[in-house]
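1. return atomic coordinates for the entry below.
(one chain, ligands or ions: 1)
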Amino acid sequence: MKITPRLSLILAASAFTGAPAFATPFSVSDAPGRLPKNVIPESYSVTVEPDAAAMTIKGRESIVLQVRSATTTIQFNSLNETLSDVRLDGKAVLKVASDDDAQLTTVTIASPVTVGTHTLSFSYAGKIETQPHGLFAQPYVSPDGKQGVLLTTQMESTDARRMFPCWDEPAFRAKFRLSATVPAEWSLVSNMPVVKRVVKAKLATTTFEATPRMPSYLVELTAGEIAEISAKNEGIDFGVWAVKGREKEGAIALANVQTILADYNDYFGYKFPLPKLDSIAIPGGFQGAMENWGAITYNDQLLLLSAASSIKNRQEAYSVQAHEMAHQWNGDLVTMAWWDDIWLNESFASWMAAKETDRRHPDWKWWEDQDADKEDAMGADARATSHSIQQHVTNELQAANSFDPQITYSKGQAILRMFEAYLGPDVFRDGIREYIKAFAFSNATTSNLWNALSAASKQDIGAIVAGWTEQAGFPLVSVAASCDATGVRTITLSQQRFLLQGIDAANSSWKVPLQIRAGADAAPQAVLLTQDKQSAPAGRCDEPLSVNAGALGFYRTHYDAATLATDTKNFGMLKDTDRIALLDDQWALVESGVDTLPTYLALAGAMGKDVDTRAWHQIAHALASIEYDERGSPGHEAFAAYARNVLRPPFEQLGWSAKADETPDVQDLRQTLIQELGSLGDEGVIDEARKRFAAFVKDHSAIPPDYQASILKIVAQYADAATFEQLRAVAAAAKDETEFRRYYSALMAVRDPALAKEATEIALSPQIPAQADALRLELIAQLAGEHQQLSWQVFRDNNERLLKPFAFDGPLIVAQYLPQAYWSGIPAAEIEAWVRAHVPKEMGPNVDRGMETVRFRLAEKDRLVRAADAFDHQ
Ligand SMILES: [Zn+2]
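-> Next up, the predicted model:
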């Protein structure tokens, strides 16, 4: 049977019966959740007086409620709060019981409350937190060296209840009117503009406009000695806020936010509905960024850019802004009904951010860069213990754990991209527009999104996509080619779940949207793989073939030996994306033992002097991984020499110095090659790095910011005590978190064991200021690469302190990611015992994932060392 792309769409469409009623309005009664649905908040008036010295909150709250069935109890969330003077419609209630274990307050009223509108009011006493949970205090050192503290909030997922008692589940949308009383010299930012400010002696009370109906996890309040730069564009007020003295470093962010907003107004077909949008740089504190509606908070190094910032810092700022701003629609305007659909927020924002970053910065080759994240996600999802994108969530811990960066973010992003390509970008966008319009100021579920896309595309998209979001893993598509007498090729396709090890007991299968390109330059043909042994035409047998053209798919491909040989022979002619897909897949096939190491190394060797950045990143990663495994084996030096020989041609092509017309990805490639060659012991590179460092010590402008990380890292790797001291002095003089991160990270590359010990002491010392506290864990983890025992020991001895800044995702980090850092030097049983003893019991599945990777890496090492030793390096 011959399937053309158009026909495959028609075939799929013919199975689809009727347009779905995707616009059925959302009802709060349908949402999962723990709170009863008989009493619904309509609007809150919250007045807080935080005392930063005493770390307490005095609050007063009045909530307009809709009572939907007569009741004598009203239940809502609270944590660490004491309520007093509790009244319903002005009359004292019978009883108030707060239970911090259940995070609930139950109010009992003497006679049943009638159906209709009522007002609950109370005073309360609460706590300012020291970690990013609810309203928290963030100490910092200001640019002029003064100690300061600012108050800010992080509510997602379930911490608004720590600042004020509330219905703290995403389906309970309500209006919030906030007032705060703080020192008069402080400035404040919240979701909405200020309507009133009253100064009384040393204190000022600021009242903000009421928000539109929104979930409690999006409430924001920041207060302190902060200042802004601002702009007005198409009626919206934009501000970028930072600790006073640093606000000017927000200039690029202020330009970005206006560009992105205009692009999104257009894409979503729905204008940003608030009168203002602030971006707030928080020193240290919580990591990452939070999409509070109208008042997005960022870790300061993600938002502020100075002369010390590299192109990577600028790229990260743009893409993180694009992510948080996508949430202003997908997350804030339309919110998932419950936390099991958090992927609707996160996958969508990640995909949209990549699309927007690529659109505005085509020379960053952003989708190629994102391929690294996709590979990371595929590595995680190739574990037998992986989980589906959509996950059941019943409590607060599970809600926090559902933000899995590899699956919820990167896999979800890749799946959306794959289906955007399958439906076509215009049809996909039309579906998104309908979804946003239908559910604005409301909540939605995954099926609402599929229904909107189905209506736009006139095919049952849910039936095709469900396999990708509701089951774990992804397929390995096997391709067997046959040629007729005239050389015309037909391929037969089959699939099975791709696992790095083990077998798929569930016998999973997917509807796979393939993009088949026969010949190096032909346009790809879309084919939906739905049946075992499905066949498709595929050009001529002497032409190269890709069934994942554009590297758009979240699946792997295993070509038969003859097809792979043709692709290897024509490797130089392939499009960059198709070469990347082939390198990614062939390496994964070697890792899983399906194919042999020489099949991959033949592709790497065929790159020659070509300078495609992502392809070389992939190769450098694979070679570094084998070299790491080879350490201590007799074949190590021969393999390192081989790897240097593979990496030298592109480096010789690029040289040390940037050329005027170079794109950022080429500069990025140069740094990668410098760093990898240095790491592999290339004498020429090491000597030159030392020379450049000597000049840098006298004058920091001798190495541009983009090249500092790689050059300093090489110097640290081979440092003696005197050089180490110079590196330490450079780090101690760092001015902001961008520099702290770059210089202290370089120090951790040190190979000398005695100096490594010193490095751990630095990582724990007050030399690193309070606002960079979160960096310490990263530094100790970086040392694990070269010094497993030392790093493990230091981590265990200081784990509480190192993990303290990771209040939100700490348990996930320990359970799922920590084991993978210590696989090569610490016995698996020892890691597992420690980890299981230090995370809540119900995180067992996360520990299983971390440990599966440990056991896989051990088995893989054994295989790779034997294969590399047997490989003819000539
Ligand atoms: Zn997000």
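
2. which elements pack onto the helix or strand hosting Thr106?
-> Element membership of Thr106 [criterion: DSSP states H and E] is strand 104-113. Under the contact criterion of 3 or more C-beta pairs under 8 Å, 6 or more residues apart in numbering; DSSP states H and E, strand 104-113 touches strand 71-77, strand 82-88, strand 95-99. In short, each C-beta sits where N, CA and C put it, glycine included.

3. out of the ones you listed, deepest packed?
-> Mean neighbours per residue, mean count of other C-beta atoms under 10 Å, is largest over the helices and strands packed on strand 104-113 for strand 71-77, with a mean of 20.

4. can you list contacts of it?
-> With C-beta atoms under 8 Å, 6 or more residues apart in numbering as the test, strand 71-77 has contacts from 35-36, 38-39, 41, 65, 88, 103-113, 120, 158, 160-161, 165-169.

5. report the central residue of this structure.
-> The chain has Pro405 as the residue nearest its centroid, 4.8 Å off, counting by C-alpha atoms, centre = their mean.

6. distance of that one from Leu564?
-> Using C-beta to C-beta, to the nearest Å, one gets 32 Å for the distance from Pro405 to Leu564.

7. Asp578 too?
-> For Asp578 relative to Leu564 (C-beta to C-beta), the value is 13 Å.

8. so for the two, which residue has more residues nearby?
-> A count of neighbours by other C-beta atoms under 10 Å puts Asp578 above the other of Asp578 and Leu564, at 24 against 21.

9. immediately after the helix or strand hosting Thr738, which helix or strand?
-> If you go by DSSP H and E, Thr738 is part of helix 737-747. Once the chain leaves helix 737-747, the next helix or strand it forms, by DSSP H and E, is helix 753-764.

10. returning to what we had before: out of the helices and strands packed on strand 104-113, nearest to Ile626?
-> Closest to Ile626 of those is strand 71-77 (C-beta to C-beta; 51.4 Å).

11. now the closest one: how far from the chain's centre is it?
-> How far strand 71-77 lies from its chain's middle: 37 Å, per C-alpha atoms, centre = their mean, to the nearest Å.

12. what's the angle from that strand to strand 104-113?
-> Inter-element angle recorded for strand 71-77 and strand 104-113: 160 degrees (by axes from the mean of the first three to the mean of the last three C-alpha atoms, to 10 degrees).

13. for the remainder of this discussion, apply numbering that starts at 44.
-> Yes, from this point I'll number from 44; that puts the last item at strand 114-120.

14. tell me what angle strand 114-120 forms with strand 138-142.
-> Using the same axes, to 10 degrees: strand 114-120 against strand 138-142 is 30 degrees.

15. which parts of the stretch 244-393 of the chain are helices?
-> 294-311, 343-346, 354-372, 385-403 (DSSP state H, counting those that start in this stretch).

16. for the first one, name the packing helices and strands.
-> Where contact means 3+ C-beta pairs under 8 Å, 6+ apart, helix 294-311 is packed against strand 269-276, strand 279-286, strand 319-325, helix 354-372, helix 385-403, helix 468-482.

17. now the last one, how far from the centre of its chain.
-> Pointing back at helix 468-482 there. In this view, helix 468-482 has its centroid 24 Å away from the chain centroid, taken as C-alpha atoms, centre = their mean.

18. quick check: buried residues in that helix?
-> With burial defined by 16 or more other C-beta atoms under 10 Å, the residues of helix 468-482 counted as buried are Val470, Phe471, Arg472, Asp473, Gly474, Ile475, Arg476, Glu477, Tyr478, Ile479, Ala481, Phe482.

19. could you give the angle of it to helix 354-372?
-> Taking the same axes, to 10 degrees, one finds helix 468-482 and helix 354-372 inclined to each other by 50 degrees.

20. ok, residues contacting helix 468-482?
-> By C-beta under 8 Å, 6+ apart, the surrounding residues in contact with helix 468-482 are 65-66, 69, 310-313, 372-373, 376-377, 462-463, 466, 487, 491-492, 495-500, 504.

21. per-residue confidence averaged over that helix?
-> Model confidence over helix 468-482, given as mean pLDDT, is 97.

22. longest helix anywhere in this structure?
-> Secondary structure of the chain per DSSP state H: the longest helix is helix 887-913.

23. which elements pack onto that helix?
-> In terms of contacts (3+ C-beta pairs under 8 Å, 6+ apart), helix 887-913 is packed against helix 619-634, helix 640-648, helix 656-673, helix 861-864, helix 871-881.

24. possible to save the ones you listed as a markdown table with mean pLDDT and distance to the ion?
-> Below are the helices and strands packed on helix 887-913 laid out as a markdown table (pLDDT from 0 to 100; distance: least, C-beta to the ion, whole Å):
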| stretch | mean pLDDT | distance to the ion |
| --- | --- | --- |
| helix 619-634 | 98 | 25 |
| helix 640-648 | 97 | 35 |
| helix 656-673 | 96 | 24 |
| helix 861-864 | 94 | 23 |
| helix 871-881 | 98 | 27 |
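
25. need the contact list for Phe849.
-> By C-beta under 8 Å, 6+ apart, the neighbours of Phe849 are Gln330, Ala817, Leu820, Ile856.
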